[in-house]
Structures are given as C-alpha cells and as structure tokens.
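Chemist: Just the structure for this:
(2 chains)
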Amino acid sequence: MRTIAVTGGKGGTGKSTVALLLTIKAINKGLSVVVVDADVECPNDYILLNKTSLGSSILEVKVPYPKIDLKKCNRCGECVKLCRANAIITKKEGTPILQEDLCSSCGVCWNICPQNAINKTEKIVGDIYKQKISKNLTLITGQSYVGLRETSSVVSSLREYIKNISCDLLIIDTAAGSHCTVMRALENVDYAYAVTEPTPLGKHDLRVILRVLKELEIPSGIILNQYDNGDQKLILEIAKEFGIDIEGKVPYSKELAQYYSSGQLLDMKNISNILEIDKEFWL
Amino acid sequence: MKYSIPMDEKRKTSVIAPILGRAKYFAIYDTDTKDLSYLDNPGVKQAKGAGNLAAQTLVELGIDKVVTAHIGPNAQNALETGEIKIVKENGLTLEEVIEKYSK
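Modeler: Down below sits the predicted model:
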C-alpha cells in the first residue's frame, strides 16, 4: 500500500480536485483507493463525491484537558506562570480560571500543580467519518468542532485510524497552509504532490509548502492546475529552485468546473485524461 | 489609584499604543505618588494568548484602571476577571492621559 498526500499551500488552488482526479485515475487502473479528507476545518470531498452529508460518526476525537479543582487549589499561581498558551488567568485574589479555547492540551498544568488540584479529563474535539463511495473507493473524513483552535489533534486521530486500513492506494487530501494541521497530515507519507496555479500567489505559497516538505524529507512533485491560465515561468522558477519537477498538469476547463460544482466528478467522461501526469509510480 | 497605559515608546509625548495585548510597554502611573514607570509587555513575544498574559501581568501588579485605544477579547476578559476597569481613549499622548485622569 502506498500513501500519497495532495497538498499545496494556497487555498482554492485545486488540491481536492487533483486528489479526486488522481483517485479516478487509480480506480480506472483497477486499484482500490481510500481518500482521506484531512482538511478537518472544512472537509468537502464528500460533497465533490456527490454525498449530501458525512453520515454517522465512527469515532470521536478526544484530547486530554485540564480541570481545576478550586477546593484543592491554594492560589500559588504556578499553572498561570507555566502555561505556554496563556490559557489560565486569575481573579484579583488569585483564583485561577481556564480559558478553554486557548488550551492546547499540553499537560504542563496537571503535571506541575504542587497541590494536585488540576485533573486530567477529556474533551471531544471532532469526529471521524467513513463512507463507501463505490466498490473500489472509500472516503474517510475528519471534522473538527466549530471554533476549535488546535485542529491538528483531529488529523492525528485520522492518521492513527488509517493505520489499520488496507487498500492499494491511500490519498491524503490536506488542508491549505503550512501549519501543524497540514504537517500532521504529511508526516511519513511516501510521496507528496504540491498543487499550485501559475500566479504570483500560487508561486509564493508553493515555495512555503515545498520548504515544509523539504524539512519533513518527503519526496515531492508539483502539479500545476489551470496551467494554461497564467504564467508557467513563475512555477518553473520554483521547481528549479527546489530541484523538483512539474509532474502533472490540469488545463483550465469549464466542463471540469461544472462537474466539480455539481458533485458529479466521478461521472465526467474522459476525466481520467484531464490530469496529465508524468510518472504514475503509485500504480 | 494605579493606572496602566499601553505604549510603543517610552516617551510622555508619544501617542498611546493602538492595542493593549501587543503594545511594547506598559506605562504605570500612580495618581497618588505621581510616579511614572515603564514595564516591558511580556505579551509581545507570545505566539498566542498575548492579551491574556498582558492582562494577567497587570492583574498581578494590582493595577486599578487601564487606559487603552483598543483591546482584544482575551485581554478584555482577563482584565474584567481581575477587576481592572477599562477606559477607552484614542489618539491621546501619554502626558495628555496623565493630565486628564489625574484630576
């Protein structure tokens, strides 16, 4: 089983489209594919695959979480001083108050409290969903709760869950950006495609994600979306800078956009050919 | 009464900082003793929770009132929790604030 990630830095550049085009290519060659939607703050691969909802949660994502026992607390202030997220504030006389949304579950407070007044409890921060789309295609989606700041825990749970999955090809569709949530999705994949578009912003964000991929030592290639709708030289410069290739291209296509926006990508005829890719090493 | 005013420069003629949480310094002014001092804002270098740390610092100093142009939701919550009053003043210099609130 091979695991490839589709990422790219810039939002709206075509990561999900390319992930699904790769999926369709692989299915058409007879592979069994599992797509993992790791854009947990706004997963939408299910919509592109013509599902109207995510169905029932198969797993709740839980993170450890502090609870302050004010009866045991002697207002020493150690937790306030050591919390790196600055999530604990105090009243005038020193009573500690946890500001939930800032806590990153690091565990310092419940480990250092001299009075053992901070208990480790659990908080549910998201869900994992699994949907059978067709005979050879399964979609696994992570979704974080609205307003959650630290969403990488949901991706970690997704990664943990897919360890036990068997298929020919696992495609992880990451969120935009280059933050923890994206890095968690990229860790230990066999290969990563960085999707971009031939625009100055596409160039800028591509450089950022390629630096992350280099740091994580993940072999990678570029897929250029809407390659005929801008200046390819911008992206060729970056490819040269990082010593990697533009391995795939998708043209600007009104038809593709129409199938995309109506959730009918799987039904588009000749769709397999719209993504031209050099090395189909994952076949 | 102890006042705190967020500042980006340690100068009485400078306009007060645009926002509390990320201001470089806090001017601390005591209306009884007329003492003025400056304190580095530890919130400046924080990845997150800057407002909380900035406000918590003022709570621990026993500040009674903060004069600021703007305040983020975290800092506001933390100051209110610490029973520090918040006054909004936009565009005044530090000496103008001191003069206005010394009366």
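
Chemist: Can you tell me the closest non-neighbouring residue to the residue in chain B that chain A sits nearest to?
Modeler: As assessed by C-beta to the nearest C-beta, chain A sits closest to B:Gly49 within chain B, at 2.8 Å. C-beta coordinates here come from the backbone N, C-alpha and C atoms, glycine included. Spatial nearest neighbour of B:Gly49, excluding adjacent residues (C-beta to C-beta, 6 or more residues apart in numbering or on different chains): A:Asn86 at 2.8 Å.

Chemist: which SSE is that neighbour in?
Modeler: For A:Asn86, there is no helix or strand it lies in under DSSP states H and E.

Chemist: That one and B:Ala55 touch, don't they?
Modeler: No. A:Asn86 is not in contact with B:Ala55 according to C-beta atoms under 8 Å; the separation is 9.4 Å.

Chemist: neighbour-wise, which of these two wins?
Modeler: Legend: neighbour count by other C-beta atoms under 10 Å in any protein chain shown for A:Asn86 and B:Ala55, higher for B:Ala55 (32 against 25).

Chemist: near chain A, which residues of chain B show up?
Modeler: Residues of chain B found near chain A (C-beta under 8 Å from any C-beta of the partner chain) are B:43, B:46, B:48-50, B:52-53, B:55-56, B:59-60, B:74, B:77-78, B:81-83.

Chemist: and the helix or strand encompassing A:Val35, what's its mean pLDDT?
Modeler: Using DSSP H and E, A:Val35 maps to strand A:33-38. Strand A:33-38 comes out with an average pLDDT of 98.

Chemist: for stretch A:213-229, same thing?
Modeler: Computed over stretch A:213-229, the mean pLDDT rounds to 96.

Chemist: For that stretch, what is the distance to the chain centroid?
Modeler: 16 Å (C-alpha atoms, centre = their mean, to the nearest Å).

Chemist: Please point out which parts of it sit buried.
Modeler: For stretch A:213-229, a neighbour-count test (16 or more other C-beta atoms under 10 Å in any protein chain shown) marks A:213, A:218, A:220-227 as buried.

Chemist: One more: stretch A:27-42?
Modeler: If you call a residue buried by 16+ other C-beta under 10 Å, then stretch A:27-42 has these buried ones: A:27, A:31, A:33-41.

Chemist: Would you mind checking which of these is nearest to A:Gly8?
Modeler: A:Asp39 (11.3 Å; C-beta to C-beta).
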